[in-house]
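Colleague: I'll drop the sequence and a predicted model, then ask my questions.
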Amino acid sequence: MTAANASPSHPNAGGRVLAALDASGYTDSVSHWAAWAAARLAAPLEYLHVLDRHPEAASIADFSGNLAMDTRQKLLQELVAVDESRSKLGQERGRLLLQQARAIAADRGVAAETRMRHGSLVDTLVELESDVRLFVLGKRGEHADFAKGHLGGQLERVVRAVHRPLLVASRNFAEVKRVLVAFDGSPTTRKGVGMIATSPLFRGLEIHLLTAGVANDASAAQLRWAVECLAMAGLSAHGEFRPGEPEVAIAGHVREAHIDLLVMGAYGHSRIRQLIVGSTTTTMLRTCHVPVLLLR
């Protein structure tokens, strides 16, 4: 597939890398991963900060209806002043986050644009995705419960809403040498192999293809096809079967083979592809310590 006729959702198609930043512990990591991806894709890079009023940070409750008229008016004025102050602080914090991200990209030799928007993160990403090649987000936002290891609710909503590949950044950045592709032979994962074969994101990297479950003639043929497809594209690739449930098999291979990036299909009905829809998905993203690239 050439760049001229590639689908907009293809990771080798034209478009920018768009990274969403907040004040979480993933800010620097997202900045690094986005710059890494933009450099390998030779794509424009943009960092985005959305000023969104979270319930966790809502304004002071308004009990002015219980007060006398003069006192109520004064209190309402004070509440407005507090909201204005919070808005200014939020904008200044966003400006500093974007400035820091742009400096990280510059250190990696990548020029980045920045943008600040008001509204919902999910709605903003859906609105902007027409010319996006790859989204980059942190695994958890600033309001997620890190102690319990929960995924950010924003991430789960974004995964379901956008139609472009999505790189879910890990807590720390590390240069990528080895990539694991979860492959089950389905049309979706076969399409994913084709996308990997034509994307500059994977050039020069060691590609592992993993099929979970019991090997049979059909699955062996599918895995062999995937390895040959990547090899014909000039990639270093090898396939492996691993018994057990997909999430256990994948996590084991990531750990034992020192994998730096996990690639999966985002939706589907098979045992591997359904990981991103429900509790198994949450478990996979929550427990995996490497970034996860979700292909659409």
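Modeller: That came through fine. Numbers count the residues shown, from 1 in each chain.
Colleague: doesn't His238 lie inside a strand?
Modeller: Yes: assignment of His238 by DSSP: H, G, I helix; E, B strand; the rest coil places it within a strand.
Colleague: need the strands for the chain, in chain order.
Modeller: Along the chain, counting by DSSP state E, strands occupy 16-21, 45-51, 112-118, 132-138, 166-169, 178-182, 206-212, 236-242, 261-265, 292-295.
Colleague: nearest to Leu223, out of the ones you listed?
Modeller: strand 236-242 (4.2 Å; C-beta to C-beta). C-betas here are computed from N, CA, C, even on glycine.
Colleague: who touches that closest one?
Modeller: 183, 205-215, 219-220, 223-224, 226-227, 230-231, 249, 252-253 (C-beta atoms under 8 Å, 6 or more residues apart in numbering).
Colleague: give me the buried entries from those residues.
Modeller: 183, 205-213, 219, 223, 226-227, 230, 249, 253 (16 or more other C-beta atoms under 10 Å).
Colleague: where does pLDDT dip in the stretch 101-250 of the chain?
Modeller: 140-153 (pLDDT under 70).
Colleague: same thing but at 90, please
Modeller: For the stretch 101-250 of the chain, the stretches flagged by pLDDT under 90 are 139-161, 171, 184-189, 212-216, 243-249.
Colleague: ok so, going back, adding distance to Gln154, write the strands of the chain out as CSV.
Modeller: Below are the strands of the chain laid out as CSV (distance: least, C-beta to C-beta, whole Å):
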stretch, distance to Gln154
strand 16-21, 8
strand 45-51, 9
strand 112-118, 14
strand 132-138, 8
strand 166-169, 12
strand 178-182, 24
strand 206-212, 29
strand 236-242, 32
strand 261-265, 19
strand 292-295, 15
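Colleague: out of the ones you listed, the one nearest Leu155 is which?
Modeller: strand 132-138 (5.8 Å).
Colleague: who does that closest one touch, helix- and strand-wise?
Modeller: If contacts are counted by 3 or more C-beta pairs under 8 Å, 6 or more residues apart in numbering; DSSP states H and E, strand 132-138 sits against strand 16-21, helix 27-41, helix 153-161, strand 166-169.
Colleague: partners of it, with directions?
Modeller: Take DSSP bridges as the rule and strand 132-138 pairs in its sheet with strand 16-21 (parallel), strand 166-169 (parallel).
Colleague: so the first one versus strand 112-118, what angle?
Modeller: Using axes from the mean of the first three to the mean of the last three C-alpha atoms, to 10 degrees, the direction of strand 16-21 lies 50 degrees away from that of strand 112-118.
Colleague: angle of strand 16-21 against helix 153-161?
Modeller: Using the same axes, to 10 degrees: strand 16-21 against helix 153-161 is 150 degrees.
Colleague: may I have strand 16-21 exported as CSV, CA atoms only?
Modeller: Taking C-alpha atoms only, strand 16-21 is exported to CSV below (Å, rounded to 0.1, in the frame of the first residue of the first chain):
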residue,chain,number,x,y,z
ARG,A,16,0.6,13.8,12.8
VAL,A,17,1.4,12.2,16.1
LEU,A,18,-0.9,13.8,18.7
ALA,A,19,0.0,13.3,22.4
ALA,A,20,-2.4,14.3,25.2
LEU,A,21,-0.8,15.6,28.4
